[in-house]
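J.: Sharing a model that was predicted from the sequence below.
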Amino acid sequence: MSTNEQERPGFLVLELDGDGAHPAAWRAARHAPRELLTGARIRSTVLAAESAGFHGATFADGSLAQGETDVGGRLDAIQRAAFAGPLTRSIVLVPEVDTVYTEPFHVATQLASLDYVAGGRAGWLVAAANSESAGAAVGRETVHGTALALEAEASVEVSRRLWDSWEDDAVIRDVETGQYLDADKLHYADFETGPDFPGAGYTVKGPAIIPRPLQGQLPVVAPASLFGEHLYDAGALAGIDAVLVTAPTAQALAASVANFRHRLGTTVAIIAELDVVVDARGQSAEERVAYLDAHTSWLSPRARYTGGADGLVELLTEVLAVADGVRLHPAVLDVELDELSRLVLPALRRRGALAPQTPDATFRDLLGLARPANRFELAGN
Amino acid sequence: MSENSEIGNGFIPSGQLQFGVFFQGVNSGTIWKSQDSGSQTDFETFRTLAQTAERGLFAAFFLGEGLRLREHLGRPHTLDVAGRPDAQTMLAALAAVTTKIGLVATQNTTYNDPAHLAHRLSSLDLLSAGRAAWNVVTTDNAWTGANFRRGGYLDHEDRYTHAEAFVETAKRIWDSWDDDAIADSETAAAWQTPGSVRRVLHDGQHYRVDYTPRLPRSSQYRPVLFQAGDSPEGRDFAARQADVIFSAHPAYDDALTFRRDIVARAVKAGRGANDVQIMPASEFILAATAGEAQEKKAWVRSLQIGPQQALAYLEQFWGRELSSYDPDGPLPEIDPVVAETSETRGSGFHGAKARQLADQWRAEAKDKGLSIRQFVTGKTNRVDATFTGSYTDVADTLARYARTGAVDGFNISPWLVPTGLDDIVNHLVPALQERGVYPTEYAGTTLREHLGLPVPQRSPETIADDGEIRLELAVHQQQL
């Protein structure tokens, strides 16, 4: 991160999952319930987010725990992001992908592939599934506590190594010598879990079955909560480019971000998490929440803003002054996105609080990260 | 109609052919040495090829999978195209820029979990509005397992039991949502009707599954299943489980024999004579005249199998470096260093007796007066899988397949991407349409509709226990 963080305009990311963050959001959506799980829905929401001026979109995944949402269906997050890839030009696409019950080799291949179909606009929101049902689905024991962060760390390291296992110019297409690849530019990943790894350790040989991603390395985003009290330990965030942080209330969000910044320094980007519900359709935000809460109550671990667009502009200006970016979780995607597009993002742009949207820029560009050197190339020299 | 009786068992030829396109991404079939050879990874290559195929009313766009990078004599194999995107991720992106063509992902049963793979395929099926298919493959070797948490866990003889139970579990997952599981309107009592989704339990020899599926059925009910089995056990598996066989029998007489066999097996398994379709792997080298096509073929072959590939091909059987030999000279007079061949890893030529084979090949090459390169070109490009000729001659040849129902179509491997389908779409397809054996429009919106496949019956609640099902899938000699 640059040192003059405060002066750099920030970015806004929108979570596009389902019908919104409120568990009963589907009751206020502008489509029939059975039209949710379709490509048409992804097309319309991601295009709306891009044209509204959002810099990024995230796609939640994992089990649909009761209480978190009424909606019992969800398409694969990497596939939703991949579908959005060719439809968009500037918005970065960041699926949530589990690290505990997945095969790290598949995850690395799928994310690298996403980077190709999204023109270098892909990222990875690391998740560590901790529900019993996630383990039972694949016949494994449930992983808990600090073991989750170690699973995530191992999986991220596997991807990092596999993404470097082809040097950028490994495909040489030398007709004279008949060599399509240069074998010296391909490397084994040779990953092995360490002695402190919980549960069954594993190895991954490599090289990857796909060339190095367009970005070299995809940016990796992780929730700060995944690391618990170890967040500030040396090396805890190795391999992580950005952390998602929150606060008990919206009022406390800027101070909370500043506190994380103080303790983490500028080596990792900080993205603040915020649930939003705004006045719309002639109804106050409070009324809208009350209507939905009457069906299913909204329990969220994140700070929440409830009110008018003006107040949200003030809040986001304040938070973006200290955070690299803010991720918004709209109560009802269809409704909030309209209001954000019409009233909030234009005001923030006028204030100079938002980074420009750049067609064909990569996620690394957005984070201010240079193209990374290849670890194996470095080792070889 | 007299030719119909050649099949028997109540089989009725549709009189039509369907085309699929197989974007290979590995092996020597795709030329990379031409100026027209496009990138193997850029999305634009895939988009162009898929959209060209769709313009030609192709039923399916097909992607392979190999879960470890090919090696040769202990090093990455460097002479052929390699390095390709994940099939389902790429197909999800293609779903956004195509509207009709089917999207077929080759996916391995050995290194996936049934709940995850079934979910992802279901996801692709919904994203594409009913255009997804799964080409079921399996592997058992520890060499591939080295890339996975679970390692090479599966014994050779168990891999088919495992695959069968996997497919059965996937089908149960796709069967689990009732038609009316999702609310009709925003005023319904719940998004998901209580009791409308069945939990899927499986406790077998190789894995346990306890899963509440998260996706409804698609407009084509569930992904179409492709399978490439060829052993007797593999054919029985396909006859029981698959919708389409990606076969290795494109030559006419051979295709007819294979069709007869599959129809008999399908009927025996309680399915309809027309329920299992057959699309052999094939290659087309076409031109305005037969003479030009032959010239083109010589050019294609020279770029597919260069001098280095010719030597490398022999090296995997000889088990030693042969770079001192002249590719345009006779086969090496020295013997292989091992009795059993080491394979080019990830390509797979299992179990041949190296010395015996070397003797045999030397005799064969000498007999026919073939150089190393000529000999290897003959070995690597199966003569019967290539249709070479003028557009009209090849159209006449294919029309015969349609009339008798020897095949339902062809899965075409273009030797060039992304332009390798252009002459097929521009010239061969119209010639086939004139002969009334190729669709003039898509039959519907789903892959199942394009292929004219029956809608599956929802399976009964109880499925036989894993341990009681014994059968076999074919070994995949080449990476798909």
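T.: Perfect, thanks for sending it. Quantities reported herein were computed from a predicted structural model and do not represent experimental measurements.

J.: In chain A, what residue spans correspond to strands?
T.: All strands of chain A, identified by DSSP state E, fall at A:11-15, A:56-59, A:92-98, A:124-127, A:171-174, A:179-181, A:191-192, A:203-204, A:220-223, A:242-245, A:269-278, A:303-307, A:325-330.

J.: which one is the residue most central in space within chain A nearest to, not counting chain neighbours?
T.: Closest residue to the average C-alpha location of chain A: residue A:125 at 3.6 Å, with C-alpha atoms, centre = their mean. Across the structure, with C-beta to C-beta, 6 or more residues apart in numbering or on different chains as the measure, the residue nearest residue A:125 apart from its sequence neighbours is residue A:96 (4.3 Å). C-beta coordinates here come from the backbone N, C-alpha and C atoms, glycine included.

J.: before we move on, what about residue B:300?
T.: If you skip the residues right next to it in sequence, residue B:300 has residue B:415 as its closest partner in space, 5.4 Å away by C-beta to C-beta, 6+ apart.

J.: separation between that neighbour and residue B:90?
T.: Relative to residue B:90, residue B:415 is positioned 20 Å away (criterion: C-beta to C-beta, to the nearest Å).

J.: Verify the contact between residue B:419 and residue B:38 for me.
T.: Yes: Residue B:419 is within contact range of residue B:38, at 7.4 Å (criterion: C-beta atoms under 8 Å).

J.: more neighbours, the two?
T.: Just comparing residue B:419 and residue B:38: by other C-beta atoms under 10 Å in any protein chain shown the higher neighbour count belongs to residue B:38, 19 against 16.

J.: Spell out which residues sit in contact with the more buried one, please.
T.: The neighbours of residue B:38, taking C-beta atoms under 8 Å, 6 or more residues apart in numbering or on different chains as the test, are B:44-45, B:48, B:416-419.

J.: ChimeraX command to pick out the buried ones of those residues?
T.: The following ChimeraX line selects those of these that are buried, judged by 16 or more other C-beta atoms under 10 Å in any protein chain shown:
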select /B:45,48,416,417,418,419
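
J.: of all the contacts of residue B:38, which two lie farthest apart?
T.: Set against one another by C-beta to C-beta, the contacts of residue B:38 have their most distant pair in B:44 and B:416, with a gap of 14.9 Å.

J.: who touches both of residue B:419 and residue B:38?
T.: Taking C-beta under 8 Å, 6+ apart as the contact criterion, the residues that touch both residue B:419 and residue B:38 are residue B:48.

J.: Quick one: low-confidence residue ranges for the chain.
T.: Going with chain A. A:1-7, A:66-67, A:380-381 (pLDDT under 70).

J.: wrong one, I was asking about chain B
T.: Applying pLDDT under 70 to the predicted model, the residue ranges of chain B that meet it are B:1-5, B:338-352, B:382-383, B:459-480.

J.: Dead centre of it: give me the residue that sits there.
T.: residue B:246 (5.1 Å).

J.: The closest residue to chain A within the stretch 301-450 of chain B: neighbour count?
T.: With C-beta to the nearest C-beta, the shortest gap between the stretch 301-450 of chain B and chain A falls at residue B:308, namely 3.5 Å. A count of neighbours around residue B:308, defined by other C-beta under 10 Å, yields 18.

J.: That one and residue A:180 touch, don't they?
T.: No: using C-beta under 8 Å, residue B:308 is not in contact with residue A:180, being 9.9 Å away.

J.: shared neighbours, the two?
T.: Among the neighbours of residue B:308, those also in contact with residue A:180 (C-beta under 8 Å, 6+ apart) are residue B:79.

J.: Just give the number of residues close to the nearest residue to residue B:433 once chain neighbours are set aside.
T.: Nearest in space to residue B:433, with sequence neighbours left out and distances taken as C-beta to C-beta, 6+ apart, is residue B:440 at 5.5 Å. Residue B:440 has 9 neighbouring residues, counting by other C-beta under 10 Å.

J.: Can you tell me the element residue B:440 falls in?
T.: Under the criterion of DSSP states H and E, residue B:440 resides outside all helices and strands.

J.: so who does the nearest residue to residue A:255 once chain neighbours are set aside touch?
T.: Spatially, and ignoring its direct neighbours in sequence, residue A:255 is nearest to residue A:247 (7.4 Å; C-beta to C-beta, 6+ apart). Contacts of residue A:247 were listed using C-beta under 8 Å, 6+ apart, and they are A:253, A:255-257, A:272, A:303.

J.: for these, which one is nearest chain B?
T.: In terms of C-beta to the nearest C-beta, no member of the contacts of residue A:247 lies closer to chain B than residue A:303, at 26.3 Å.

J.: From residue A:189, how far out is the closest one?
T.: In terms of C-beta to C-beta, residue A:303 sits 39 Å off from residue A:189.

J.: now swap in residue A:295 and tell me
T.: Residue A:295 sits at a distance of 48 Å from residue A:189 (criterion: C-beta to C-beta).

J.: Could you do residue B:221 as well?
T.: For residue B:221, the distance to residue A:189 (C-beta to C-beta) stands at 40 Å.

J.: what do you get for residue B:245?
T.: The value you get for residue B:245 to residue A:189, if C-beta to C-beta is used, is 36 Å.

J.: Also residue B:141?
T.: For residue B:141, the distance to residue A:189 under the criterion C-beta to C-beta works out to 19 Å.

J.: How about the residues of the stretch 201-350 of chain A by chain B?
T.: Near chain B, the residues belonging to the stretch 201-350 of chain A are A:202-211 when assessed by C-beta under 8 Å from any C-beta of the partner chain.

J.: want to throw those into JSON lines with neighbour count?
T.: Rendered in JSON lines, the data for these read as follows (neighbours: other C-beta atoms under 10 Å in any protein chain shown):
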{"residue": "A:202", "neighbour count": "18"}
{"residue": "A:203", "neighbour count": "16"}
{"residue": "A:204", "neighbour count": "26"}
{"residue": "A:205", "neighbour count": "20"}
{"residue": "A:206", "neighbour count": "23"}
{"residue": "A:207", "neighbour count": "26"}
{"residue": "A:208", "neighbour count": "25"}
{"residue": "A:209", "neighbour count": "29"}
{"residue": "A:210", "neighbour count": "28"}
{"residue": "A:211", "neighbour count": "26"}
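
J.: what's the most distant pair in the residues you listed?
T.: Greatest spatial distance in these: A:202 and A:211, 24.2 Å, computed using C-beta to C-beta.

J.: residues touching the residue of the stretch 301-450 of chain B closest to chain A, list them.
T.: In this structure, residue B:308 makes contact with A:177-179, B:79, B:327, judged by C-beta under 8 Å, 6+ apart.
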